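# Predicted model, plus sequence, below.
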Amino acid sequence: MIIEKIMKKEVVTLTHKDTIATAIKTMRHHGIRHIPIISNNNELIGIVSDRDLREASPSTLVLEQKEHSLFKKPIKDIMTTDVITVHPLDFVEDAASIFFEHRISCLPVMRGQKLVGIVTEADVLYTYVQLTGADQPSSRIEVRVPNRSGMLSEVSALFHEKHVNISSVFVYPDLDDHYKILVFRVQTMNPMNVVETIKNRGYEILWPHQLENRK
């Protein structure tokens, strides 16, 4: 999936001349945590987050003092100028990797010099929940198989045999390089019929077999 499919296209922005007080008011009004900062030519020059505002504030008490000099300072004094951005056609996985690597939670989306959207860590997380089907009634089945080509096709065929629809599939490495783990999300609340079929064909079930070990 590409970022264009999940990004917010209506972006709330401020200019570098706006005050910190304006940023606080804007975040509260729109219920957001990040505001891209643009120049007079509508070019992205920075971004300010709720964390920036907290770090710039001496105390919570100060934030309640409407006339405090802090509120009159321009955003440019606290904004982050080294902004990491993405393109609308970048993959959602790319955004997830950037969030993890740089420990940030928001990415402006740029097409050339134009700000066209914004994507947050929460947007990416919600997308992954949808892609895995975890937000729908379903069951999870984990199968440990030899790490060789064709295994995913072989195991998937057993679901077709039992007329069980697969919502999503993930492949994880096993601690032993000679094996890998196939994780299926299937559209049934009682997967034991297909689980027994998989076991009878000689494959190792990691889940829901592990549930039996808890009893």
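In hand now; what should we look at? Residues are numbered from 1 along each chain as shown.

# and the next element down the chain from the helix or strand hosting S153?
S153 belongs to helix 151-161 when assigned by DSSP states H and E. For helix 151-161, the following helix or strand on the C-terminal side (DSSP H and E) is strand 166-173.

# Which secondary structure elements does that following strand sit against?
Contacts defined by 3 or more CB pairs under 8 Å, 6 or more residues apart in numbering; DSSP states H and E place strand 166-173 against helix 121-132, helix 151-161, strand 179-186. Bear in mind the C-beta positions are built from the backbone N, C-alpha and C, glycine included.

# from the middle of its chain, how far away would that strand be?
18 Å (CA atoms, centre = their mean, to the nearest Å).

# any residues touching that strand, and which ones?
131-133, 136, 138, 152, 156, 159, 180-187 (CB atoms under 8 Å, 6 or more residues apart in numbering).

# Pass me the low-pLDDT residue ranges in this protein, would you?
57-70, 209-215 (pLDDT under 70).

# center of it, which residue is that?
V124 (2.2 Å; CA atoms, centre = their mean).

# can you tell me how far that residue sits from I2?
12 Å (CB to CB, to the nearest Å).

# between the two, what contacts are shared?
V92.

# which of the helices and strands packed on strand 166-173 is buried the deepest?
strand 179-186 (a mean of 19; mean count of other CB atoms under 10 Å).

# I'd like the distance from that strand to the chain centre, please.
Strand 179-186 has its C-alpha centroid displaced from the chain centroid by 21 Å (CA atoms, centre = their mean).

# Buried residues of whichever helix or strand comes after that strand, list them for me.
On the C-terminal side of strand 179-186, the closest following helix or strand by DSSP H and E is helix 192-200. By 16 or more other CB atoms under 10 Å, the buried positions in helix 192-200 come out as 194-195, 198.

# Check which helices and strands helix 192-200 sits against.
Taking 3+ CB pairs under 8 Å, 6+ apart as the contact cut, helix 192-200 packs with strand 139-146, helix 151-161, strand 204-207.

# who wins for proximity to D90 among these?
helix 151-161 (26.4 Å; CB to CB).

# Counting by contacts, list what the closest one packs against.
Going by 3+ CB pairs under 8 Å, 6+ apart, helix 151-161 lies up against strand 139-146, strand 166-173, strand 179-186, helix 192-200.

# Direction-wise, compare it with helix 192-200 and give the angle.
140 degrees (axes from the mean of the first three to the mean of the last three CA atoms, to 10 degrees).

# quick one: contacts of helix 151-161?
143, 145, 165-166, 169, 171, 180, 182, 184, 186, 194, 197-198, 201, 203.

# tally of neighbours for I24?
Neighbour count of I24, defined by other CB atoms under 10 Å: 17.

# where does it land in three-state SS?
Using DSSP: H, G, I helix; E, B strand; the rest coil, the structure places I24 in helix.

# what does the one 3 residues further on give?
At M27 the chain is in helix, as set by three-state DSSP.

# Once you drop chain neighbours, what's closest to it?
Nearest non-adjacent residue to M27, counting by CB to CB, 6 or more residues apart in numbering: D50, 6.1 Å away.

# what residues are up against the residue nearest to A56 when sequence neighbours are not counted?
In this structure, A56 finds its nearest non-sequential neighbour in I78, 4.6 Å apart by CB to CB, 6+ apart. The neighbours of I78, taking CB under 8 Å, 6+ apart as the test, are 20, 48, 52-53, 55-56.
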